[in-house]
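Q: how would this look folded up:
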Amino acid sequence: MKKGISKNFLKFLIVIIAFQDVAAGVAGSIMADIIAAFPNYNPTIVMLVATFPGLIQIVPALFYGKLSRIFKKRTLLFTGLTLFIIGGVMPFFLDSLPLIIAFRGLLGLGVGITMPLSVDIISDFFENRERDFLIGFGASTIACVGAIFFQLVGGILADAYGWQYGFLTYLFPIWILAITFLFLPEPEKRDEVELHSLQKVKIPKVVYGVSFGQVFFSALIFGYVTNISVVIQGENLGNATEAGLAISVFTFGTLLAGVVFGMIKSKFQVTYLPLAVFLTGIGMGICYLSYSLPMIFVGSVIGGIGMGIGIPGVFARISDATPKGANNSFVGLAVAAQGVGGIMGPFVFAAILNVLNQDIGRFPLLISTVGLFILAVVWFVAVKIPTQDATDTQVSFE
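A: Okay, here's the model as predicted:
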């Protein structure tokens, strides 16, 4: 740790890295204006401005473990934030849709580096309850604050001055780049002999299992995000503002859960993951069964709390499973899985609706509910099995 850096300031430096983890949502909040600005393009193509970053972030996330062995964490942080800022701001200066999409891909590369790094670097400096609290606070609370900030400010700028001004929101993380570059210390490096042997550590089975489950968890949440507004407006339960408020309530639940994640993990030990998925399923189920706006808000906040436990829960579970002292980081696999699930969601729901001859709106909420309950049961049965696997892997290298 750099001389003069207090422990609390170090915590602050680490958690603010997560501020831009889901900041690609600026484009989603101004998508109608972007579609109107490019009438010669199919709206599906224009929507790549919002979806392309999520696709591209999978690539660096998959290789994050290898990148973290080759490069210093500070180098990765500087690179990731720089790509994020350049890729985010450049569309302000462009009138070409293909170029805008290309720079959005650059932003996705940055997120694919900083998202696993924001979790990985916590494990470099902290352990046990402190680590769990920071993972929850960063991955859920700070990330949600960032998402709300980027969507809200991006929308305000777009409404006031034009859609391109919404992208100026991406100038904001410059202060994060500056303060972390100046003050965040590089985690200590191990000696070369230990480093050489630890590179041979195999990925524990639990990492594959949790990452695979994360794909389905992310895909099933898609049913809520894209259909709750259809239910509220289509069934005359509320207007567009109230539909947006439901998603805001869901986000608020996620934000709150991040603050208490460390306590929840400590109380429920390894069962916190199935608990998170089960709570999310309960929230989806309440929304599916509710025909009043207040009850939909109740379901939304419960579902958000579940997701607020589940997202950091996946990262914490993988950190727990990583052999002590290993030089490999497996967090990138969870980030990649989250991205794959987000991309897979629309196709899975479309296929199920087509096969069952159902419409969008309320029925996808039922699909999410059933799917999440099944995933919760599977994780509850399987979640304790890999613990021994992770321990055996660690012991074999001691």
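Q: from here on, contacts and neighbour counts on C-alpha atoms
A: Will do.
Q: The stretch 101-250 of the chain: helices as residue ranges?
A: Counting by DSSP state H, counting those that start in this stretch, the stretch 101-250 of the chain has helices at residues 128-136, 143-161, 174-183, 192-198, 205-234, 240-268.
Q: so which of the ones you listed comes closest to residue 105?
A: When the helices of the stretch 101-250 of the chain are ranked by proximity to residue 105, the top entry is helix 143-161, at 17.6 Å, counting by Cα to Cα.
Q: what's next to that closest one, contact-wise?
A: The set of residues that contact helix 143-161 without belonging to it, under Cα atoms under 8 Å, 6 or more residues apart in numbering, is 18-23, 25-26, 28-30, 163-170, 251-252, 254-255.
Q: How about stretch 350-369?
A: Applying Cα under 8 Å, 6+ apart, the external contacts of stretch 350-369 come out as 220-221, 223-224, 227-228, 230-231, 234, 280-282, 284-285, 287-288, 349.
Q: Any stretches of the stretch 151-300 of the chain with poor pLDDT?
A: Confidence mapping of the stretch 151-300 of the chain against pLDDT under 70 gives the ranges 189-201.
Q: let's see 90
A: 151-160, 181, 186-209, 222-248, 251, 268-271 (pLDDT under 90).
Q: Now stretch 143-156: buried residues?
A: Neighbour counts over stretch 143-156 (16 or more other Cα atoms under 10 Å) mark 143-156 as buried.
Q: ugh, typo on my part, it should be stretch 60-78
A: Neighbour-count burial for stretch 60-78, with 16+ other Cα under 10 Å as criterion, is recorded at 60-68, 73-74, 76-78.
Q: And stretch 345-352, by the same measure?
A: Residues of stretch 345-352 classed as buried by neighbour count (16+ other Cα under 10 Å): 345, 348-349.
Q: Throw the residues you listed into a markdown table and include secondary structure and pLDDT, thanks.
A: Formatted as a markdown table, the entries for these read as follows, by DSSP: H, G, I helix; E, B strand; the rest coil; pLDDT from 0 to 100:
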| residue | secondary structure | pLDDT |
| --- | --- | --- |
| 345 | helix | 88 |
| 348 | helix | 90 |
| 349 | helix | 90 |
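Q: Residue 340 against residue 57, yeah?
A: No - look at residue 340 against residue 57 with Cα atoms under 8 Å: they stay out of range, at 9.7 Å.
Q: Which residue ranges of the protein form strands?
A: Using DSSP state E, no strands are assigned anywhere in the chain.
Q: Domain-wise, how is it divided?
A: The domain map for the chain lists 7-189, 205-393, with the assignment taken from automatic domain parsing.
Q: tell me how far the shortest one is from the chain's mean position?
A: Relative to its parent chain, domain 7-189 has a centroid offset of 11 Å by Cα atoms, centre = their mean, to the nearest Å.
Q: One more: stretch 359-375?
A: Taking Cα atoms, centre = their mean, one finds the center of stretch 359-375 at 21 Å from the center of the full chain.
Q: one step back: deepest-packed of the helices of the stretch 101-250 of the chain, please.
A: Mean neighbour count, computed with mean count of other Cα atoms under 10 Å, is highest for helix 128-136 among these, reaching a mean of 23.
Q: Okay, angle between that helix and helix 240-268 too, please.
A: 170 degrees (axes from the mean of the first three to the mean of the last three Cα atoms, to 10 degrees).
Q: other SSEs contacting helix 128-136?
A: Other elements packing on helix 128-136 under the criterion 3 or more Cα pairs under 8 Å, 6 or more residues apart in numbering; DSSP states H and E are helix 97-125, helix 240-268, helix 293-321.
Q: can you count the residues close to residue 45?
A: Burial measure for residue 45: 14 neighbouring residues, criterion other Cα atoms under 10 Å.
Q: circling back to that earlier point, how about the helices and strands packed on helix 128-136 in TSV, adding distance to residue 45?
A: Formatted as TSV, the entries for the helices and strands packed on helix 128-136 read as follows, by distance: least, Cα to Cα, whole Å:
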stretch	distance to residue 45
helix 97-125	9
helix 240-268	24
helix 293-321	29
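Q: out of those helices, which comes closest to residue 14?
A: Set against residue 14 and scored by Cα to Cα, the helices and strands packed on helix 128-136 come closest in helix 97-125, at 6.7 Å.
Q: Need the buried residues of stretch 143-156 in JSON lines (columns: distance to residue 380).
A: Formatted as JSON lines, those follow (distance: Cα to Cα, whole Å):
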{"residue": "143", "distance to residue 380": "27"}
{"residue": "144", "distance to residue 380": "27"}
{"residue": "145", "distance to residue 380": "30"}
{"residue": "146", "distance to residue 380": "32"}
{"residue": "147", "distance to residue 380": "30"}
{"residue": "148", "distance to residue 380": "32"}
{"residue": "149", "distance to residue 380": "35"}
{"residue": "150", "distance to residue 380": "36"}
{"residue": "151", "distance to residue 380": "35"}
{"residue": "152", "distance to residue 380": "38"}
{"residue": "153", "distance to residue 380": "40"}
{"residue": "154", "distance to residue 380": "40"}
{"residue": "155", "distance to residue 380": "41"}
{"residue": "156", "distance to residue 380": "44"}
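Q: Among those residues, which one sits closest to residue 114?
A: For the buried residues of stretch 143-156, the nearest to residue 114 is residue 143 (11.7 Å; Cα to Cα).
Q: dump the residue contacts of the nearest residue to the closest one once chain neighbours are set aside.
A: Across the structure, with Cα to Cα, 6 or more residues apart in numbering as the measure, the residue nearest residue 143 apart from its sequence neighbours is residue 19 (4.8 Å). Residues touching residue 19, when contacts are defined by Cα under 8 Å, 6+ apart, comprise 138, 142-147.
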